[in-house]
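*Asks:* What would the 3D arrangement of this be:
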Amino acid sequence: MIPMLASQLKQETDWRVIHCEILMDQSHTDTDEAFGHILIVSKHGVSICFGFTSYTNKEIEMHEIRILNADNIEICAHEDDDGEVIPTAYDIADQTNWRKIAINTKYEKVRRKVKSISFNLANEADILYFAQSQKDFSNWVKNKILEEISQKSLS
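*Replies:* Okay, here's the model as predicted:
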């Protein structure tokens, strides 16, 4: 671990959430809780990462936080800092939109199912080209499925 002062951490700028993942949700547990982790990175590559628990009422609880320098070496409180670097990291995290991102990610995981499609580049290049030319491929596919369902129900 490398010691860092809170004032050094405060000098980092442009903090943004670059990763949010739901690790376990209602499909894995008998509760309404979802568990995940967040990674927030500054302009110069300093990272703040932590786990979280999300509840049905959109309440989110942050777990233990870790700070990593740009070389992915964990940061600890500097002896001259009275342990202020960790509370500073919590404050920085709270200034980002991580809670909104976590809620949206949880919603996507719980309420939506993603079906991917693959194309053989050698044999299906023309199909891929057509798919890529659609402005909203997802809605186009949904409309085609609804048309097919409608036709089958009329038959």
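*Asks:* For the protein, which segments count as strands?
*Replies:* Ranges of strands in the chain, per DSSP state E, are 2-4, 16-24, 34-41, 47-54, 60-68, 75-77.
*Asks:* Now find how far off-centre the fourth one is within its chain.
*Replies:* In other words, strand 47-54. Centroid displacement of strand 47-54 relative to its chain, using CA atoms, centre = their mean, to the nearest Å, is 10 Å.
*Asks:* what does the fifth one give?
*Replies:* The gap between where strand 60-68 is centred and where its chain is centred comes out at 14 Å by CA atoms, centre = their mean.
*Asks:* Kindly report the same for the second one.
*Replies:* The offset between the C-alpha centroid of strand 16-24 and the centroid of the whole chain comes to 3 Å, using CA atoms, centre = their mean.
*Asks:* could the strands of the chain be laid out in CSV, adding distance to residue 112 and mean pLDDT?
*Replies:* To be clear about C-beta, it is placed using only N, CA and C from the backbone, and glycine gets the same treatment. Putting the strands of the chain into CSV (distance: least, CB to CB, whole Å; pLDDT from 0 to 100) gives the following:
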stretch, distance to residue 112, mean pLDDT
strand 2-4, 39, 91
strand 16-24, 12, 87
strand 34-41, 14, 90
strand 47-54, 16, 92
strand 60-68, 19, 91
strand 75-77, 36, 89
